[in-house]
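**Student:** Predicted model and sequence follow; I will ask about them next.
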Amino acid sequence: MNDPTAALQATSAVSRRAAELASIPSFLRVEAYISSRLDKTGGCDFTFGNPHQMPAERYVDTLREALTPHNDQWFAYQTNGEAARAAAAGSLQELLEVPFQPEDIFLTTGGFAAIALALKTVADPGDEVIYSLPPWFLYEPLVLEAGLVPVKVNIDTTTFDLDLEAIDAAITDRTRVVIVNSPNNPTGRIYPPELLQRLAALLEAASARTGRRIYLVSDEAYNRIVFDGLRFHSPVEFYPHALLAYSFGKTHLSPGQRVGYLALPPTMPYRDALRPAISGLQVAMGWVYPNALLQHALPKLEKFSIDVGQLQRRRDRLVDALGGMGYTVHRPEGTFYLYVASPVPDDEAFTASLARRNVFVLPGVLFETPGFFRISLTANEDMIERSLPAFEAAMKESRPD
């Protein structure tokens, strides 16, 4: 006999929004599974952007110094610390040559919170958010959690550039946000100034057409990880209605230390209205400020980064080696990833063949672009060298004579 009480409890156990987000733990299980395999096999981990060498002494020393209290309020509630804000604004001024002000920096628990904060600041439930595929794979959960509607467009998989025609075609009178990620995870592409100028013109025209301002959220977690001496250009240089999200977890390869910020450029016309709204959301979203230790450390953290030259050497070693084996691989301009075309259409099957050889990568289906796989350059040099025979064997297996 059916129990109506039990059925009622089952259907009301979680909210509809929580049910939509139930796939997130499966993503975490992938990481846990790979970690358990690595512990047993000593495999080569190219999956997530986790460190595979000891952290730099300078980073550890900076945290150790910040841990020593200077007064009795050292570990009291911290909101947007003045010294941390000033350091972040100064660093952005130097990087982008845009005069950011300290009062326009809003400190967050990493890039996750900065993006969520941006979405909730300018968009109402039911509004549409456009982003390009392949995306960072947690855009969709952040959009859904905010009660917004994800709208996905493809990129040009030949150049890895944004498809501006596709973005324009996807804009409706419900569009409120376009997310742009440069340097891009997973492709490593840095979008050139000419493309960003055209995007800005497109969004200005679309805002006028729809009668509603379209905001741009610029995800710049990797804007300090740039190769070959290239100059990074941010969308905020070209479009005034942009909010910049940044994370120090990439700059210092310390994703477990959650510190980042959301920044408003000085060209933003509505800063006076946005500032109190953002401050209120920082509290209402669950006190999404970084903890006191990281805020105290941030002025010194802004003065250095991980060894980008080492990442570039790893990039070159793998791009050259894989290219010599017959793989189609772009040489990324930034980030710490390679996005490689799978030799067979079924990228999950191909990544499984690598896993059988104890080499772990992420299939393109996780980024909603089948036919590719992602390699993280945070693997150490030993892993890279040990992986090359496996990559070669998997390639030969995919092309039997």
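**Tutor:** Looks like it arrived, so ask away.

**Student:** May I have stretch 315-325 as PDB, with CA atoms only?
**Tutor:** C-alpha atoms of stretch 315-325 as PDB (Å, rounded to 0.1, in the frame of the first residue of the first chain):
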ATOM      1  CA  ARG A 315      53.100  24.200 -22.500                       C
ATOM      2  CA  ASP A 316      55.800  24.100 -25.100                       C
ATOM      3  CA  ARG A 317      57.000  20.600 -24.100                       C
ATOM      4  CA  LEU A 318      53.500  19.100 -24.400                       C
ATOM      5  CA  VAL A 319      52.400  21.100 -27.500                       C
ATOM      6  CA  ASP A 320      55.500  20.100 -29.400                       C
ATOM      7  CA  ALA A 321      55.500  16.500 -28.200                       C
ATOM      8  CA  LEU A 322      51.700  16.000 -28.900                       C
ATOM      9  CA  GLY A 323      51.900  17.700 -32.200                       C
ATOM     10  CA  GLY A 324      54.700  15.400 -33.200                       C
ATOM     11  CA  MET A 325      52.500  12.400 -32.400                       C
END
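
**Student:** got the residue ranges for the strands in the stretch 1-150 of the chain?
**Tutor:** 44-45, 105-108, 128-133, 149-154 (DSSP state E, counting those that start in this stretch).

**Student:** Quick check: chain neighbours aside, which residue is closest to Arg174?
**Tutor:** Glu128 (4.6 Å; CB to CB, 6 or more residues apart in numbering). Backbone N, C-alpha and C define where each C-beta goes, glycine included.

**Student:** burial count for Pro235?
**Tutor:** 26 (other CB atoms under 10 Å).

**Student:** dump the residue contacts of it.
**Tutor:** Each residue near Pro235 by CB atoms under 8 Å, 6 or more residues apart in numbering is listed here: Val180, Ser182, Tyr191, Leu196, Leu199, Ala200, Leu216, Ser218, Ala242.

**Student:** if we go to 7 Å?
**Tutor:** Contacts for Pro235 (CB atoms under 7 Å, 6 or more residues apart in numbering) come out as Val180, Leu196, Leu199, Leu216, Ser218, Ala242.

**Student:** ditto for Asp173
**Tutor:** Contacts of Asp173 (CB under 7 Å, 6+ apart): Thr210, Arg212.

**Student:** how far away is it from Ala206?
**Tutor:** 10 Å (CB to CB, to the nearest Å).

**Student:** ok, now Arg213?
**Tutor:** Taking CB to CB, one finds Arg213 at 10 Å from Ala206.

**Student:** domain assignment for the protein?
**Tutor:** 4-56+307-398, 74-301 (automatic domain parsing).

**Student:** from those domains, which stretch is densest packed?
**Tutor:** domain 74-301 (a mean of 19; mean count of other CB atoms under 10 Å).

**Student:** And that one, end to end?
**Tutor:** Terminal residues of domain 74-301 are spaced 18 Å apart (CA to CA, to the nearest Å).

**Student:** before we move on, the earlier item: go through the contacts of Pro235 and flag which are in strands.
**Tutor:** When strands are assigned by DSSP state E, the members of the contacts of Pro235 inside them are Val180, Leu216, Ser218, Ala242.

**Student:** Surely the third one and Val178 touch.
**Tutor:** No: shown here, Ser218 and Val178 do not form a contact pair, counting by CB atoms under 7 Å, at 9.6 Å.

**Student:** thinking again about what came up before, got JSON lines for the domains of the chain, with mean pLDDT too?
**Tutor:** Compiled in JSON lines, the domains of the chain are given as follows (pLDDT from 0 to 100):
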{"stretch": "domain 4-56+307-398", "mean pLDDT": "89"}
{"stretch": "domain 74-301", "mean pLDDT": "97"}
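
**Student:** Save those domains as CSV, and put in distance to Arg64 too.
**Tutor:** Converted to CSV, the domains of the chain look like this (distance: least, CB to CB, whole Å):
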stretch, distance to Arg64
domain 4-56+307-398, 12
domain 74-301, 9
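
**Student:** what kind of secondary structure is Ala394 in?
**Tutor:** helix (DSSP: H, G, I helix; E, B strand; the rest coil).

**Student:** Check the gap between it and Phe238 for me.
**Tutor:** From Ala394 to Phe238 the distance is 42 Å (CB to CB).

**Student:** and what of Ala113?
**Tutor:** To Phe238, Ala113 is 25 Å away according to CB to CB.

**Student:** ok, now Asp161?
**Tutor:** According to CB to CB, Asp161 stands 15 Å off from Phe238.
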